[in-house]
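**Student:** just to be clear, the model below is a prediction. Sequence and coordinates:
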Protein chains: 2
Amino acid sequence: MSTAEFEEIVTDWQDEARHPRFERRYTELVYQPMVELLAFLRANEFKTYIFSGGGVEFMRPMTEAAYGVPPEEVVGSTIETRYEVRDGEPVLMRLPEIDFIDDEAGKPIGIHKFIGRRPIAAFGNSTGDREMLEWTGAGSGPRLMMLLFHDDDEREYAYGSAKGLADPMLGAFPPSLMETAEEKDWIVASMKDDWNQVFAFES
Amino acid sequence: MSTAEFEEIVTDWQDEARHPRFERRYTELVYQPMVELLAFLRANEFKTYIFSGGGVEFMRPMTEAAYGVPPEEVVGSTIETRYEVRDGEPVLMRLPEIDFIDDEAGKPIGIHKFIGRRPIAAFGNSTGDREMLEWTGAGSGPRLMMLLFHDDDEREYAYGSAKGLADPMLGAFPPSLMETAEEKDWIVASMKDDWNQVFAFES
């Protein structure tokens, strides 16, 4: 499949699929505090990047509308592609081979590869963000490291396994991450206690 | 060696080394028309990227001062790195393994991977740029593709092997590239005939 064909499938799905609990498009399930933080940073001359373990070609079609982040400021996991000329038209064919996993140690590796300088601030919500926050915090001068703890099963979800909350299969926030945050003075925001509004569509 | 140690070697070399013919720092050997074109595009709300076959960690320390292009808008060839915590400090260690070659078909592959959208305009000067210009030209709407032909041995160098000029070991402009440019209406600029000024330091 070509990258163009894949993008069409992604945008169709993002247009049609609805989240079973919130009954909204997945592209509408963006956190209002995240949108505000990104806008605040950009208003203060920061460049804002999304670094996610998700496939980059799955995210890029929706990040500009949802977060104000253009495709070139979105880094994710990638697969290998091959350049071909088919009937005179160049195409990039997706290959069944992993190129890069943007998670855990892959995040600082990706930051170095895709950006080439160290972040001033980094925000995460799972154990896959630990190395990115470590790498950010090791820079000279003031740095800001922050984690979101999903502890609000009324408005969204509650999982850990930190603080005795359930252990999810993906994106866990284990007790060891909470300990690291305390040791290194990373700020942990509680969705339940610190967020007045969760989703952008609630306003 | 860590990425930080490598960067120190690069910046020391860029500060100390002089080109044997022009007796200038290599970072001063930037083309005035290229600097003007980049500035013109940015003044008209384009983002300008450097896509080079050279090692990205060799280019990034000098591109902002020389071309006004920040590290995150420079894409080049990369090697694998490994994230490690040494004496409590995170480092990225350079590994003796190629990650990505940003040349020939690697250029459109890299554009898709690092930027995620197709260029409006692309400029090159060798056979390694052919696929990037093809990929750019295959987009819908107006696109600009341009090649520089180094045919000025008085002010710089003259090589081909197009138009009977000498064949260099690297960065060649072969007759087949000249034919493709004619077929596809890519503009070929002659350094000798079209450039009033070659290097920025001449002004």
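**Tutor:** Everything's here; your move. Numbers count the residues shown, from 1 in each chain, chains lettered A, B, ... in the order given.
**Student:** name the residues of the lengthiest helix in chain A that are buried.
**Tutor:** Longest among the helix segments of chain A by residue count, using DSSP state H, is helix A:3-16. Neighbour counts over helix A:3-16 (16 or more other CB atoms under 10 Å in any protein chain shown) mark A:3, A:6, A:10, A:14 as buried. Just so you know, the C-beta spots here come from the backbone N, C-alpha and C atoms, and that holds for glycine as well.
**Student:** also stretch A:95-111?
**Tutor:** Neighbour counts over stretch A:95-111 (16+ other CB under 10 Å) mark A:100-111 as buried.
**Student:** same check on stretch A:12-32?
**Tutor:** Buried residues in stretch A:12-32, counted by 16+ other CB under 10 Å: A:14, A:25, A:27-32.
**Student:** which residues of chain A lie near chain B?
**Tutor:** Residues of chain A that fall close to chain B, judged by CB under 8 Å from any CB of the partner chain: A:3, A:47, A:56-57, A:60, A:71-72, A:74, A:78, A:81-83, A:85, A:89-90, A:92, A:99, A:105, A:108-109, A:112-117, A:131, A:134-135, A:138.
**Student:** break chain A into its domains for me.
**Tutor:** Chain A resolves into domains spanning A:1-30+A:47-118, A:120-203 when parsed by automatic domain parsing.
**Student:** tell me the mean pLDDT over the longest one?
**Tutor:** For domain A:1-30+A:47-118, the mean per-residue pLDDT is 97.
**Student:** now it, how far from the centre of its chain.
**Tutor:** The chain centre lies 11 Å from the centre of domain A:1-30+A:47-118; the measure is CA atoms, centre = their mean, to the nearest Å.
**Student:** thinking again about what came up before, for the buried residues of helix A:3-16, which one is nearest chain B?
**Tutor:** Distance ranking of the buried residues of helix A:3-16 against chain B, using CB to the nearest CB, places A:Thr3 first at 6.0 Å.
**Student:** run a quick neighbour tally on the closest residue to that closest one other than its chain neighbours.
**Tutor:** Spatial nearest neighbour of A:Thr3, chain neighbours left out: A:Leu92 (4.4 Å); criterion: CB to CB, 6 or more residues apart in numbering or on different chains. Neighbourhood size, A:Leu92 [other CB atoms under 10 Å in any protein chain shown]: 20.
**Student:** dihedrals phi and psi, A:Leu92?
**Tutor:** For A:Leu92, the backbone dihedrals are phi -110, psi 120 (criterion: degrees, to the nearest 10).
**Student:** list the residues that contact it.
**Tutor:** When contacts are counted by CB atoms under 8 Å, 6 or more residues apart in numbering or on different chains, A:Leu92 is found next to A:2-4, A:81-84, B:108-109, B:112.
**Student:** dump the residues you listed into TSV; add distance to B:Ala158 as well.
**Tutor:** Shown next, in TSV, are the contacts of A:Leu92 (distance: CB to CB, whole Å):
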residue	distance to B:Ala158
A:Ser2	40
A:Thr3	39
A:Ala4	40
A:Thr81	36
A:Arg82	35
A:Tyr83	31
A:Glu84	34
B:Pro108	29
B:Ile109	31
B:His112	34
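**Student:** which ones among these map onto strands?
**Tutor:** The strands, defined by DSSP state E, take in A:81-84 from these.
**Student:** make a PyMOL selection of the buried ones in those residues.
**Tutor:** Those of those that count as buried under 16+ other CB under 10 Å are selected in PyMOL with:
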select buried, chain A and resi 81+83
